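# just a sequence and a predicted model for now, questions to come.
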Amino acid sequence: MKILATIITLTLATISPAYADYNSKVPHPEGGQQTFPNGGFSPTRYSFSFHVTGRTLTELSLTTPEGIRLGEDIVIADETGKPVLTKIAVQGLNTTILFSEPIKVESKLRININTIKAINNFSIWELVISGKLDDIKEYIPLQTLRMFSSR
């Protein structure tokens, strides 16, 4: 049993610094909060902080699983609470957020997704976040957020 505990501890010690180093080089979420309607069913809103590190950010792509839909009512603010100008397009499972100006390195954003519709009964589902960074034309996977619905 001690050997198994040692292996797990060493594995976590090896993975954690690599993950922290990865997060210092690319934009990433830093925490979130779900809001459920009165009935306690699937979340209708989700908010999370997003830290832009390493390179400037020009676009975000939010991808949901089949049965989950995001609305266009997404509000993004900088760390002072000032709204960030964006164009938002929802096409099926994918929501694209295009920033009117690139988001500078070391900026922190607050992203509020105000409409989430769960068509199926999910207990845990994932929101995949990808982004386009300054001179890169393709989306790069940045993070996957797990969300809970209690339908």
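In hand now; what should we look at?
# once you drop chain neighbours, what's closest to residue 134?
residue 56 (4.5 Å; Cβ to Cβ, 6 or more residues apart in numbering). Bear in mind the C-beta positions are built from the backbone N, C-alpha and C, glycine included.
# my bad, residue 85
residue 100 (3.9 Å).
# SS state for the one you found?
Three-state call for residue 100 (DSSP: H, G, I helix; E, B strand; the rest coil): strand.
# try the one 5 residues further on
State at residue 105, reduced to three classes by three-state DSSP: coil.
# buried set for stretch 137-151?
By neighbour count with 16 or more other Cβ atoms under 10 Å, stretch 137-151 contains the buried residues 139, 142-143, 147, 149.
# closest to residue 114 out of the residues you listed?
residue 147 (14.4 Å; Cβ to Cβ).
# list the strands paired with the helix or strand encompassing residue 145, with their directions.
Per DSSP states H and E: residue 145 is located in strand 140-148. Strand 140-148 has the following strand partners under DSSP bridges: strand 124-133 (antiparallel).
# just grab the bridge partners of residue 117 for me.
Beta-bridge partners, per DSSP bridges, of residue 117: residue 69.
# next up, the contacts around it.
42, 68-71 (Cβ atoms under 8 Å, 6 or more residues apart in numbering).
# on that earlier part again, surely the residue nearest to residue 85 touches residue 88?
No. Look at residue 100 against residue 88 with Cβ atoms under 8 Å: they stay out of range, at 11.5 Å.
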